[in-house]
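Novice: Take this sequence and fold it.
(chains A and B)
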There are 2 protein chains.
Amino acid sequence: MRQDRNATRSSETELGFDPALKDDARLAFVGRIRTSWSRGNCPKNIRLARDTGQGAWIEMDHAYLSALNGLEAGQGMVLIYWMFEARRDLLTQSPDHIDGTRGTFALRSPNRPNPLALSAVTITGIDRTTGRIDIDAIDCFDGTPLVDMKPWLPTIDMPAGESDSP
Amino acid sequence: MRQDRNATRSSETELGFDPALKDDARLAFVGRIRTSWSRGNCPKNIRLARDTGQGAWIEMDHAYLSALNGLEAGQGMVLIYWMFEARRDLLTQSPDHIDGTRGTFALRSPNRPNPLALSAVTITGIDRTTGRIDIDAIDCFDGTPLVDMKPWLPTIDMPAGESDSP
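Specialist: Below is the predicted model of the structure:
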């Protein structure tokens, strides 16, 4: 565990500017992800989150309720959410789980120029009047802003070739 | 084909405000996707794009070159890109390929509050000095801004259960 989670390690490289200042496009958060996790107890990846058996849920902003029409329990979804505590200026990183240093775009680290995270989840329940969508598991902190969600489709969400293999 | 691609159909629902004005977070585009496609000749989905045999490539902004360390040809990636011509105010939509009307979050339509698109692709070549990354196929217009890319990992990018099935 690094002593200061915001410190740059000697092997890491910084960008030299804050990507947020580029202001190429602006996001509207459309809801929040509610979980049992905060710093200190959050599973390190979604597989471990699934293993806990702890579900999670989405609280959609009410402005977007009618955009949920057609979603059903049992459906696979890709969630896109905003890692609000991440650093945006790291070009190379040395996370604890790999040997050496790797480029940010070769890692799933939350620290990246645009700290968007992706996870494939399954809807376990949905209430279109309150905007509560229960999901099987996720490994983000409670209150993480939701940016988008989409039905998971193997032809789009798996590289060619992967879907052919067993 | 709808006559005016920006027109709202009678069955569709609008949000009533521009999500960009929420300004909850700001993006920096990190490159551009170069394709053979523009309005009129763009495949309707990535499966059809793969069938054309036409590759595509990414031009990374040079500020991010060292963030490519560790990426290799043959690797599966998820690209996140910005559908710059999309509408952001449609809550329900009636695309030509479905019967009736469905909520935006139940569709893969580019028209959504935050017009981020996702596709799983395969790197076919990479030049870390120029920032050119060749990929097998994609179904977006030439010049589409790239927001992020990540290594594709089945445990994160497939819903639980999907990876067990053949």
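Novice: right, and A:Glu162 touches B:Gln75 too?
Specialist: No. The pair A:Glu162 / B:Gln75 is not scored as a contact, 11.5 Å apart, by Cβ atoms under 8 Å. C-beta: built from backbone N, CA, C; applies to glycine.
Novice: anything in contact with each of these two?
Specialist: By Cβ atoms under 8 Å, 6 or more residues apart in numbering or on different chains, A:Glu162 and B:Gln75 have these common neighbours: B:Trp152.
Novice: For A:Thr155, grab phi and psi.
Specialist: Main-chain dihedrals, A:Thr155, degrees, to the nearest 10: phi -70, psi -30.
Novice: cool, A:Arg50 as well?
Specialist: phi -60, psi -40.
Novice: quick one: it and A:Ala137 touch, right?
Specialist: Yes. If you go by Cβ under 8 Å, A:Arg50 and A:Ala137 touch, sitting 4.2 Å apart.
Novice: Common neighbours of the two, please.
Specialist: Taking Cβ under 8 Å, 6+ apart as the criterion, A:Arg50 and A:Ala137 both touch B:Ala160.
Novice: Please work out which residues outside the one helix or strand A:Ile33 maps to touch it.
Specialist: Taking DSSP states H and E as the definition, one finds A:Ile33 inside strand A:31-34. Strand A:31-34 is contacted by residues A:56-61, A:64, A:79, A:81, A:131, A:138, A:140, A:142-146 when judged by Cβ under 8 Å, 6+ apart.
Novice: Of the residues you listed, select the buried ones using a ChimeraX command.
Specialist: Buried subset of those, written as a ChimeraX selection, criterion 16 or more other Cβ atoms under 10 Å in any protein chain shown:
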select /A:56,57,58,60,61,64,79,81,131,138,140,144,145,146
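Novice: show me which of the contacts of strand A:31-34 neighbour chain B.
Specialist: A:64, A:145 (Cβ under 8 Å from any Cβ of the partner chain).
Novice: which ones among the contacts of strand A:31-34 are found in strands?
Specialist: Of the positions in these, A:56-60, A:79, A:81, A:144-146 sit in strands, assigned by DSSP state E.
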